[in-house]
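> need a structure here:
(2 chains)
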Amino acid sequence: MTIQLSHFSSALLFAVFASVVFGITQRNTPRDMVRYGAYCFSLFVAGVIVAGWAMWLLRH
Amino acid sequence: MAASKPNVQRAGTVAEPNAVMAVVAPAVGWLIPGAGHLIQKRWIRGLLLMVSVVCMFAIGLLMEGKLYAPNTGDILDILGFVGDIGSGGLYIVGKTLGAGAGNIARATADYGTKYLIVAGLLNIISAVDAYHIAIGKKL
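Down below sits the predicted model:
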């Protein structure tokens, strides 16, 4: 069995899992964990979008 | 020799660092993702870590990612193996079942390979976190 994810959905899933681990391991309190996880997730997604537009600009 | 300082833990209780747990927790956490937290009764954290690492590893395999072998002689393969082996038991089971052959014909299979490596690296971070909890450095 295999799955075929798009580039964007692959990056989003990656961001979710990595953010959960970063949030739990890099902060001490549950509140800070959630906030840091959300911060990491938003940075991952923003990075994907910025990189996507940068590649679009390079191509055009 | 300075005596070890007691650690203040949740609800104001004081606990000495657990020397046995400091060895067992990261080892178990490496072998079974999230288990290092679970044996220290950090149930929610342990489950979230377990779900994240196991799902990442499973999705990497489903995307036809490659599990690196230990002794190919190529430095990049060795680095890939170091990442993969971080998954502990998942890597051992995956290799035993013959999974992770890879598929160079598909672009997204390379994403799967990265998923497998990063799952291992995240599991190492989790095991280190379990160690920090065991020695009382973290709540």
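> Next, name the residue at the spatial heart of chain B.
Nearest to the geometric centre of chain B sits B:N123, at 1.9 Å (Cα atoms, centre = their mean).
> And for chain A?
Nearest to chain A centroid, counting by Cα atoms, centre = their mean: A:A15, 2.6 Å.
> confidence score at it?
Per-residue pLDDT puts A:A15 at 97.
> What helices and strands are in contact with the longest helix along chain A?
Taking DSSP state H as the criterion, chain A has its longest helix at helix A:30-59. Counting by 3 or more Cβ pairs under 8 Å, 6 or more residues apart in numbering or on different chains; DSSP states H and E, the packing neighbours recorded for helix A:30-59 are helix A:7-26. All C-beta spots, glycine's among them, are computed from the backbone N, C-alpha and C.
> would you put the C-alpha positions of the helix it packs on in PDB?
The C-alpha trace of helix A:7-26 is given here as PDB (Å, rounded to 0.1, in the frame of the first residue of the first chain):
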ATOM      1  CA  HIS A   7       4.200  18.700  -2.200                       C
ATOM      2  CA  PHE A   8       2.100  21.100  -0.100                       C
ATOM      3  CA  SER A   9       0.200  18.500   1.900                       C
ATOM      4  CA  SER A  10       3.500  16.700   2.600                       C
ATOM      5  CA  ALA A  11       5.000  19.900   3.900                       C
ATOM      6  CA  LEU A  12       1.900  20.600   6.000                       C
ATOM      7  CA  LEU A  13       2.000  17.100   7.600                       C
ATOM      8  CA  PHE A  14       5.700  17.400   8.200                       C
ATOM      9  CA  ALA A  15       5.000  20.800   9.900                       C
ATOM     10  CA  VAL A  16       2.300  19.300  12.200                       C
ATOM     11  CA  PHE A  17       4.400  16.400  13.500                       C
ATOM     12  CA  ALA A  18       7.600  18.400  13.900                       C
ATOM     13  CA  SER A  19       5.800  21.200  15.700                       C
ATOM     14  CA  VAL A  20       4.200  18.800  18.200                       C
ATOM     15  CA  VAL A  21       7.600  17.400  19.100                       C
ATOM     16  CA  PHE A  22       9.300  20.800  19.200                       C
ATOM     17  CA  GLY A  23       6.500  22.200  21.400                       C
ATOM     18  CA  ILE A  24       6.600  19.400  23.900                       C
ATOM     19  CA  THR A  25      10.300  19.100  24.100                       C
ATOM     20  CA  GLN A  26      11.400  22.700  24.100                       C
END
